[in-house]
Each structure stands twice: as structure tokens, then as C-alpha cells.
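Asks: Here is the input, now give the coordinates:
(chains A, B, C and D)
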Number of protein chains: 2
Amino acid sequence: MASAELPPVPRLPSRRPAASRRGPRERTLSREAIATAALAVVDAEGLDAMTMRRVAEELGTGAASLYAHVAGKEELVELVIDRVIGEVEIPETVSAQQPWQEEVKMAMRAIRAVFAGHRDLARASFARIPMGENALRGSEWMIATMRRGGVPDQVVAYAVDLLSAYVMAIAYEDGLFAAEHTTPADIEAFVAEMRGFMAALPAERFPNIVALAGPLTAGTGDERFEFGLEVLVRGLAAMGGADG
Amino acid sequence: MASAELPPVPRLPSRRPAASRRGPRERTLSREAIATAALAVVDAEGLDAMTMRRVAEELGTGAASLYAHVAGKEELVELVIDRVIGEVEIPETVSAQQPWQEEVKMAMRAIRAVFAGHRDLARASFARIPMGENALRGSEWMIATMRRGGVPDQVVAYAVDLLSAYVMAIAYEDGLFAAEHTTPADIEAFVAEMRGFMAALPAERFPNIVALAGPLTAGTGDERFEFGLEVLVRGLAAMGGADG
DNA sequence: AATGATCGTCGAACGATGTTCGCTAATGGC
DNA sequence: GCCATTAGCGAACATCGTTCGACGATCATT
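Replies: Numbers count the residues shown, from 1 in each chain, chains lettered A, B, ... in the order given. Sure, this is the predicted structure:
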């Protein structure tokens, strides 16, 4: 049709007969299906493997087909994240069984656990203002819990940001760490290497690092997370006064 | 290649005739020069613009030339980050002029300010264990300050992680925010939009978000940062007991 | 039933990225 | 003065996200 008389790639109409794969055109593609496939890729191979081509391949098609349902990778990532946030189990009502500190800590643990189940997805979620349906439900619950506990409104407002930033930062680090150190032996070796490095620093220049090489490398990820939770919760409780 | 055989860039004469052994040729390219150029690109156009080609262009050469001095982009980023961390002014000695809480807060403000002067560089620095010379000096100082204040060793050890994670997370967010909202009017518009969004949510489902739409969108970045600092410092002070 | 329009599908291609590969040429030890 | 060593550097490779345009199935209308 154009100027070239020899098409570089001749069409092969018989290469894919209609009856070979699926008879009628199946509408397998949808935002839901794409998000599911994308999350499956993340779970299986990590966030970096979640390319448009790889997600499309998971669906048995090409990358271009995804753009009919999703604006781009950015939107797809957001879709996946909101789906994962939805996995966090949020109580329907605000219970008065425990003090707000315990309720908040339980929720934070649940969020961390959910992201820990999805490789390094938290890396994409960090520093993104979560405004999806599921994120809003979570924020609503946390605000309600703290207000019921008597925390001043402005403290509650700031605390929502602070707490979510903390849990996402930890989840981020969890993901990075798990991406390079999988087995317990590997983790132990890494910690030992780090401790040895600190202990071997010149004591006249870094006396405190050398002295605290043990405590600095002590504790599991869980223990460090719990420490941070406790610090935040106690600090927030101490902000009940006038300043903030 | 061009037809002319004139060298496009005249070479600078070498300056040092003798090295320890077969000295590596002294040219215009060096790790220092590359790091300087890379930081210049980040400052001028942001982290995403810091590509190997762009940095090389800044030096009047091609991307391949950088790999003789730098293992890859990863190492280059680390070089730039440690240089920036070195910009943070750390007191030579630990002063006893103020309580440790104030000292720590001052240091955290300084770190945030330095990264704020380098666009969104903090995005690359986050969740990276800083082990460069400059980072170690900073950690040493912070540990010394808190120990002098009577904070238990294990609390100090965990606190170093927690505090640095907080300040880097905030710097990260600062960078992202500044990348899309530059003018004060733009910031105000964004905050107003966010407040309007929250206030317009269905009140029967999100009563607390609707009620706190004002406080949730109140405060500047500085005020939110100060709030977090205060929470952390008070929380840490409350961890002086036996548990952790 | 036939038909034209609509819209999802998808191979190919575009521009940009990090990195590698050889060739060139300058340099320092002999 | 010669030659092996090695930094410099253009070109190319493998990916990436994204766009383009033809193809074809589906459906409302005739």
C-alpha cells in the first residue's frame, strides 16, 4: 500500500486460527483482572518484575492491550496498592475493649503483616497519599479510635500521617531487606557482618558506635518495629497538652 | 563519527608526572568530578534527570566513560548521597548546653534542611543503610548525645534507626511534594483541594474524616515535622524504664 | 439478514534508560 | 624511541513505558 513493494513481515492469517485458542472472543481483560495479574507477578517475582509486558504476558496478551483499561503503570500500581490495603482487616465498629494505644498498635501490626505478604510492594506505596476506598476506611477507623481515647483533634490529625508514614517506612525496609536476605542463616550472617564492621571501627574516632556495636545490631525486625510503635504511642499520649 | 579529524575537545595536559606506581592517568574525569557533576544535575533538574548520559554530558563526554571510575549508577548515587550527608554540620564535640532532646531535634532539623536543598535526592537515600564516613560521624554524635543524656543503651541503639528513618522519610516526602508543588499559591490550592475532598466525603460512612477535614489538612510541612520530632523525643524519653 | 460503526485487541515501533563491547590514542616504563 | 597498558568514547544491546494504526468482533440500525 505504501511505497515499499516488499512488506518486511508478511502476514500469516493462518498462523492463528480462531478455533485454536478460544473460539469466541472472550472478554478476559478488565481492570480487575489486570490488577489481579499484576499482584500475582509482584507476589511471585517482586515489584521490579511488575512490568507492563510481564503483566500482559500473565494474561496471555501484549502490553498495549492493558492501556485500554489502565491509564498507565502509575494507575496500575495504585490499583494494586489499594487492593492490598483492602486486605487489612479493619473492625467494623470501634470497640472500647482496650485503650486506644493497644488498638492502634494492633492495626499497625496488621498493616505491616499484610505488606510483608506482598514482597517489596510497600516500596511503591510509600510516600503516596492513600486516598482509595480502603485507605479511607482505615483512616476513618484510626481517627475514630484515637478520638474515642480522648486524643485532641489536631494531635489525631497529625498522628494519622505520622503513624502511616512509620508503618509504611518499616514495610518499605522490610521489603528491601527480605529481597536480599531470605534465609535465617543469611540474616544472621548479615547482622554479624554489620556488628563486626562497627566493632572494628577506630575506637578513638567512633567510641560510642564501637561500644554499642552489640545493641546497635540487636533485635529482630519485629522487635525494632515494636519499639518504634511504643515510642510513637507514648509520645502521642504525651501530646495531650496545649502544644503540638 | 564526523569527517573532520580535529579533536572536538582539547585535552588538558597532565599535571602529575609521578605516582606511587604505574599511576592511573590523571584526566579530567575522576570519582570526585563525576559526583560533583551528578549532584549538579540533581540540583538543577531533579533526581530523575540524573541519568548516566546526562551526568556524562555535564562533563562533556559520553556515558561509557563514567564506568571507568564508577561501578554503576548505584555506586554513583551512593557517592552523591554521602557527599550531601557531609554537608550536615555536626558539632565536633558533644556539648552539655542543652538537654539531649533539644540537641537531637536540632540535628534532625539540620539533616532535613540539607536534603531540602537538593531537590528530591532523599528519595534515593531512603531505606539505604548509611555507612559512609560522614554518616558514621553523624551517628556517633547522636549516640554520644543521647548517652550523655542518660538514655539506656538499647534505647539509644534503636532510637538511631528510628530517628534517621523518620527524618529521611520526611525528606523523601518533602522532595516529592516540592517536585509537583512549587509556588505557595500552588501549595495552598492543593491543600484546599484535599480539604474539600475530605469534607465532601459521605458523612455517614466517614464521619470522623469529614469532621476533621480542617485539622487533617492544617499545618505546614515544618509544623508537621516538628510535631513528629516532639512525639519521638517524648516517646523516647518515656522509654527509660525496663521494657523496650 | 445485511451493514456500518464502534471499540477492544495487539504487533510493531519509538524514545529513553543502564550497561557492555571494542576500537582509539595517549602515556609512562623500558 | 618503542610498546604494552589503559582511560576515553561511540555504537550497540537489552529493557522499559508508551503510542500508533490496522484488524476484527460485536451490536444497533436498517
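
Asks: Need the residues that contact stretch A:131-145.
Replies: Residues outside stretch A:131-145 that contact it (C-beta atoms under 8 Å, 6 or more residues apart in numbering or on different chains) are A:78, A:81-83, A:85-86, A:88, A:90-91, A:94, A:100, A:103-104, A:107, A:111, A:130, A:156-157, A:160, A:163-164, B:197, B:201, B:205-209, B:212. Yep, even glycine has a C-beta here, placed from its N, CA and C like the rest.

Asks: how about A:Gly175, phi and psi?
Replies: For A:Gly175, the backbone dihedrals (degrees, to the nearest 10) come out as phi -60, psi -40.

Asks: quick one: it and A:Arg123 touch, right?
Replies: Yes - A:Gly175 is within contact range of A:Arg123, at 5.6 Å (criterion: C-beta atoms under 8 Å).

Asks: Give the residues shared as contacts by these two.
Replies: Common contact partners of A:Gly175 and A:Arg123 (C-beta under 8 Å, 6+ apart): A:Leu47.

Asks: What remains of the contacts of stretch A:131-145 if I keep only buried residues?
Replies: A:78, A:81-83, A:85-86, A:88, A:94, A:100, A:103-104, A:107, A:111, A:130, A:156-157, A:160, A:163-164, B:206, B:208-209, B:212 (16 or more other C-beta atoms under 10 Å in any protein chain shown).

Asks: what about stretch A:229-244, average pLDDT?
Replies: Mean pLDDT, stretch A:229-244: 85.

Asks: So which bits of it are buried?
Replies: A:Leu229, A:Glu230, A:Val231, A:Leu232, A:Val233, A:Arg234, A:Gly235, A:Leu236, A:Ala237, A:Ala238, A:Met239, A:Gly244.

Asks: CA atoms of that stretch as CSV?
Replies: Extracted C-alpha coordinates of stretch A:229-244, given in CSV (Å, rounded to 0.1, in the frame of the first residue of the first chain):
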residue,chain,number,x,y,z
LEU,A,229,5.3,1.6,67.9
GLU,A,230,5.8,2.0,71.7
VAL,A,231,7.8,5.2,71.2
LEU,A,232,5.2,6.7,68.9
VAL,A,233,2.3,5.7,71.1
ARG,A,234,3.9,7.0,74.3
GLY,A,235,4.9,10.2,72.5
LEU,A,236,1.4,10.8,71.2
ALA,A,237,0.0,10.2,74.6
ALA,A,238,2.3,12.8,75.9
MET,A,239,1.0,15.3,73.4
GLY,A,240,-2.3,15.8,75.1
GLY,A,241,-1.4,19.2,76.4
ALA,A,242,-1.6,22.6,74.8
ASP,A,243,1.4,22.5,72.4
GLY,A,244,1.7,20.3,69.4
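
Asks: For A:Gly196, grab the count of nearby residues.
Replies: 11 (other C-beta atoms under 10 Å in any protein chain shown).

Asks: Any idea which residue of chain A lies closest to chain B?
Replies: A:Gly235 (3.0 Å; C-beta to the nearest C-beta).

Asks: buried set for stretch A:118-137?
Replies: Going by 16+ other C-beta under 10 Å, stretch A:118-137 has these buried residues: A:118-127, A:130, A:134-137.

Asks: So which of these sit within helices?
Replies: Among the buried residues of stretch A:118-137, the residues falling in helices (DSSP state H) are A:Ala122, A:Arg123, A:Ala124, A:Ser125, A:Asn134, A:Ala135, A:Leu136, A:Arg137.

Asks: what's near enough to touch the most centrally placed residue in chain A?
Replies: The residue lying closest to the centre of chain A (C-alpha atoms, centre = their mean) is A:Ala122, at 2.0 Å. With contacts defined as C-beta under 8 Å, 6+ apart, A:Ala122 is in contact with A:Phe115, A:Met168, A:Ala171, A:Tyr172, A:Asp174, A:Gly175.

Asks: so where's chain A uncertain?
Replies: Where chain A drops to pLDDT under 70, the residues are A:1-28, A:94, A:241-244.

Asks: Going along the chain, name the helices of it.
Replies: A:31-45, A:52-58, A:73-85, A:100-116, A:122-125, A:133-148, A:153-180, A:184-199, A:207-211, A:213-216, A:221-237.

Asks: Just give the closest residue to A:Ile170, not the sequence neighbours.
Replies: Nearest residue to A:Ile170, sequence neighbours excluded (C-beta to C-beta, 6 or more residues apart in numbering or on different chains): A:Phe225, at 5.4 Å.

Asks: just A:Leu121 next, same as before
Replies: Using C-beta to C-beta, 6+ apart, the closest residue to A:Leu121 is A:Val42 (5.3 Å).

Asks: just A:Asp48 next, same as before
Replies: A:Asp120 (8.0 Å).

Asks: Let me see the contact set for that neighbour.
Replies: A:Gly46, A:Leu47, A:Asp48, A:Tyr172, A:Gly175, A:Leu176, A:Ala178, A:Ala179.

Asks: and which of those is nearest to B:Ala63?
Replies: A:Asp48 (21.7 Å; C-beta to C-beta).

Asks: Distance check, that closest one against DNA strand C.
Replies: Per C-beta to the nearest atom of the strand, to the nearest Å, A:Asp48 is found 12 Å from DNA strand C.

Asks: just A:Glu102 next, same as before
Replies: In terms of C-beta to the nearest atom of the strand, A:Glu102 sits 46 Å off from DNA strand C.

Asks: Neighbours of that residue, how many?
Replies: Residues contacting A:Glu102 under the criterion other C-beta under 10 Å number 13.

Asks: What of the one 4 residues further on?
Replies: By other C-beta under 10 Å, the residues close to A:Met106 number 14.

Asks: Please apply the same query to A:Gly175.
Replies: The number of residues near A:Gly175, taken as other C-beta under 10 Å, comes to 23.

Asks: Excluding chain neighbours, what is closest to it?
Replies: A:Asp120 (3.2 Å).

Asks: And A:Phe206, its phi and psi?
Replies: phi -130, psi 60.

Asks: distance of A:Leu66 from B:Ala189?
Replies: 32 Å (C-beta to C-beta, to the nearest Å).

Asks: neighbour-wise, which of those two wins?
Replies: Remark: of A:Leu66 and B:Ala189, A:Leu66 carries more neighbours, 23 against 12, as counted by other C-beta under 10 Å.

Asks: wouldn't the more buried one be in contact with A:Met50 here?
Replies: No - here A:Leu66 does not reach A:Met50: they are 11.7 Å apart, not a contact under C-beta under 8 Å.

Asks: overlap in contacts of the two?
Replies: Counting by C-beta under 8 Å, 6+ apart, nothing touches both A:Leu66 and A:Met50.

Asks: Contact partners for A:Ala203?
Replies: With C-beta under 8 Å, 6+ apart, A:Ala203 has these contacts: A:Val210.

Asks: what's near enough to touch the residue nearest to A:Leu121?
Replies: Residues in contact with A:Val42 (C-beta under 8 Å, 6+ apart) are A:Ala49, A:Met50, A:Val80, A:His118, A:Arg119, A:Leu121.

Asks: so how far is DNA strand D from it?
Replies: Distance from A:Val42 to DNA strand D, by C-beta to the nearest atom of the strand: 12 Å.
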